[in-house]
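K.L.:
Need a 3D model of the sequence below.
(chains A and B)
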Amino acid sequence: MRQARSDSDTETRKLAQQIRLHALRMTSNGGSAHIGAALSCADVLAVLYGRVLRVDPLRPRRPDRDRFILSKGHAGCAVYAALAERGFFPVEKLLTHYQDGSDFSGHVSHKGIPGVEVSTGSLGHGLSIGAGMAYAGKLDGATNRVVVLLSDGECDEGSTWETALFAAHHKLDNLVAILDYNKIQSLAPVAETLALEPFAEKWASFGWAIREVDGHDHEALSGALATIPFAAGQPSCLIAHTFKGKGVSFMENTVLWHYRTARGEEYEAALGELEGTK
Amino acid sequence: MRDAFVETLTALAEHNSRIMLLTGDLGFGVLNNFAERFPRQYLNVGVAEQNLTGVATGLALEGRIVFTYSIANFPTLRCLEQVRNDVCYHEANVKIVSIGGGFSYGPLGISHHATEDLAILRALPNMTVVAPCNLWEVKEATRALVEATGPALLRIDKSTAASIVRPGEKFQLGRACQLRDGADITLAAAGGIMEEVLTAAEMLSERGIQCRVLSMSTIKPLDVESLVRAVDETGGIVTVEEHTVDGGLGGAVAENLLEMGCIPACFHRIGLRAGFSSIVGTQKYLRKVYGMDAAAILTLVEQKLLSKDLRLSEDIAR
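P.N.:
Residues are numbered from 1 along each chain as shown, chains lettered A, B, ... in the order given. Model prediction:
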C-alpha cells in the first residue's frame, strides 16, 4: 500500500506539477475561483498522496486506509487532481469539474468520487469529523492515521478550536492537522483580518505537538510527516508555510487570486509557467 | 421520558458495542450509570456542540451508532450546519437527542424553549424527526432508531401522556399510533402535549363529541395514510404541538393533505403563535398562556365542529 519511497523528491515534484496543471485547467475551464488556494497546497498534497498516505486506488474503502480530509474544501480541484493522478478515477473526469451535471463540485465532495472521505466547503468542519474518526481508530486499536488539511483562514472558526481542545484532551496521536499557512484569506492578509500569531504557540498551548516547515519543500514535508506522531500521546500539527498561488509568478502571494479565474492570456501565461517548470 | 430513553439505550448498549452516547456536558445524574457501565461507549465532549456533532459524524462514518445528547436547541440549532453538512449529507448514523422539547424548560427563558426545532430539522434531507408522546413511544422509538440507519432527531419532553397501547400495536417509525377512536373529528399531536389532547378528548366525549386521537410521533416521514383515513372517516383535523405553528407537525399535515387533494372539512393548527415567549413559567403554565392546554383544545374543537357542520350542511344544500 505504501508507495515505495523514492530516493529523491522527483516523483512528488512531478505529481505537484500535475496537480497544479490540472487545477489551473479545471478552474479556468469551469470558470471557478480558488486557484490560489489550490496552488498553495499542491506540494503538501503531492507529498501526502505520493509518499505518506496509505491509500489504495483499487480498494478505496479498505478499512486500514489512512483517512484524509480536506477541511479547506475550496481547494477541492487539487484533491481531485491528486486522486486522479494516483489512479482513483480516470484523469479525463477532471474536466467535468464545475460543469453542469458533474459530481465534481467546486468544494470537495465525496459523492460519486472514489478516494474522497468527506465533503466539506463550509470552513471549520473537517477537523472535528477527523477527530471522530481518530477517536474510533483508538477504540478499535487501528493503525491508520487521520490527516486533515486546514487553511489558515479557517482557524477563525471557533469550531476548529473546539476540536483542538478535544483532540489534545483525548491524546489523539493518530490525528494530524496540516495547516496550509499561506497567510492570505478571502479578502485580505490574515494579519490584517484576524491575527493568528503567535500561531504555532496557540496550537502548542492547546496541547498539540508542533512542527513547522516550508510547505513547498518536499524533503522537509516528507521528513516531518515520516515522524507522525510528532510526540506520543499528542495530536500532531504541521504548520506548512506556503505562498498562495505558488507556481505562477503573477498569482503568488496575492489576495486577487483567491477568487479570480485565469482566462485568455492570463491562462496561457500561467500554463506556460507551470509547464516550463518541468 | 428522559429516563425511559436512557434506560432503554443502556439496555441496548449492553448487547451492541457499536452504540455510543456523546453528551455536550449535560445530563447531570442521568448518564452516570451508562458512563460507568460502558466507558468505551460514552464520551462527554464538553460544551462544544459543533465539535460534538462533527465528532459524532466521524465516529458514525467509522461504523458507530452515535447518539448526541443535549438539551433544547443546543444539539440541533447551535450546530445546525454540522447537522446539515456533516450528518445529513453524509447520511451518517447519528441520532440527535434533544431533552427538553417545547416549554419543558419554561422557567429558564427563551434560550431553553425548543419551539422551532421540528420545523427546522424537518427541512433537512435524510433527517428522520421523532417526537414521542409517552414512555412506550420513547422506548420503542429508541429501539427503532438503533435499528434504522441514518440521521434522526429524537425530541424528548419533560411531560408525558399516558401510555395507551392498543392490543397488538407495534411501533414503527413513520407510522402514527391511534390512542383513541372517534368519528367526529381527529386530534393529531406530537410530543408530551398529548396529555392535554387526551384530557380534552375525554372532556369532549362527556359532551358527546367523539375524537380520534393520533400520535404522530414520527413527523418526518409523515404517516399520510393514517391522516387521509382520518379525514375520510372523521371529516376534520386539528393538530397540536408544543412548537411554533410555522412548519412543524401542523405544517407537515397541511402540506401533505392539500397536495393529495384531501381537504378536511375543518382544519386547525394548535401551537405557538406568539413568536418568542419572554414570559416564563412551567410547561403547564405556558401551555395555558399560549392556548395549547386541554381547555383551549376543547374550546377550539367545539368551534371547529360548528364550522364543519355549517360547511357540511352548505355542501348538502348545494
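K.L.:
for the chain, what are the low-confidence residue spans?
P.N.:
Since you didn't name a chain, this refers to chain A. A:1-8, A:277-278 (pLDDT under 70).
K.L.:
Sorry, I should have been clearer: chain B.
P.N.:
If you take pLDDT under 70 as the line, chain B has these spans: B:310, B:312, B:318.
K.L.:
residue contacts, the residue in it positioned nearest to chain A?
P.N.:
Per C-beta to the nearest C-beta, residue B:58 is where chain B lies closest to chain A, at 2.0 Å. In this view, the C-beta of every residue, glycine as well, is placed from N, C-alpha and C. Residues near residue B:58 by C-beta atoms under 8 Å, 6 or more residues apart in numbering or on different chains: A:128, A:129, A:130, A:131, A:132, A:133, A:134, A:135, A:136.
K.L.:
mind running it again at 6 Å?
P.N.:
When contacts are counted by C-beta atoms under 6 Å, 6 or more residues apart in numbering or on different chains, residue B:58 touches A:129, A:132, A:133.
K.L.:
would residue A:160 count as being in a helix?
P.N.:
Yes - under DSSP: H, G, I helix; E, B strand; the rest coil, residue A:160 sits within a helix.
K.L.:
how near is the closest residue to it other than its chain neighbours to residue A:141?
P.N.:
Closest residue to residue A:160 apart from its sequence neighbours, by C-beta to C-beta, 6 or more residues apart in numbering or on different chains: residue A:124 at 5.0 Å. Per C-beta to C-beta, to the nearest Å, residue A:124 is found 29 Å from residue A:141.
K.L.:
between these two, which one's more packed in?
P.N.:
residue A:124 (26 against 6; other C-beta atoms under 10 Å in any protein chain shown).
K.L.:
how far away is the more buried one from residue B:263?
P.N.:
46 Å.
K.L.:
what does residue A:217 give?
P.N.:
Taken as C-beta to C-beta, the span from residue A:217 to residue B:263 is 71 Å.
K.L.:
now do residue B:39
P.N.:
From residue B:39 over to residue B:263 (counting by C-beta to C-beta), the distance is 55 Å.
K.L.:
how about residue 110, what does it touch?
P.N.:
No chain in the question, so chain A it is. Contacts for residue A:110 (C-beta under 6 Å, 6+ apart) come out as A:116, A:118, A:119.
K.L.:
sorry, should have said chain B
P.N.:
residue B:276.
K.L.:
Mind doing that once more with 7 Å?
P.N.:
Counting by C-beta atoms under 7 Å, 6 or more residues apart in numbering or on different chains, residue B:110 makes contact with B:276, B:277, B:278.
K.L.:
top of the residues you listed by neighbour count?
P.N.:
Neighbour tally across the contacts of residue B:110 (other C-beta under 10 Å): the maximum, 17 neighbours, falls on residue B:277.
K.L.:
For it, list the residues it contacts.
P.N.:
B:110, B:113, B:286.
K.L.:
Could you export the residues you listed as JSON lines, including secondary structure?
P.N.:
Rendered in JSON lines, the data for the contacts of residue B:277 read as follows (three-state DSSP):
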{"residue": "B:110", "secondary structure": "helix"}
{"residue": "B:113", "secondary structure": "coil"}
{"residue": "B:286", "secondary structure": "helix"}
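K.L.:
The contacts of residue A:110 in strands, which ones?
P.N.:
Assigned to strands by DSSP state E, none of those qualify.
K.L.:
Can you say which of the residues you listed are also within reach of chain B?
P.N.:
Restricting these to those touching chain B (C-beta under 7 Å from any C-beta of the partner chain) yields A:118, A:119.
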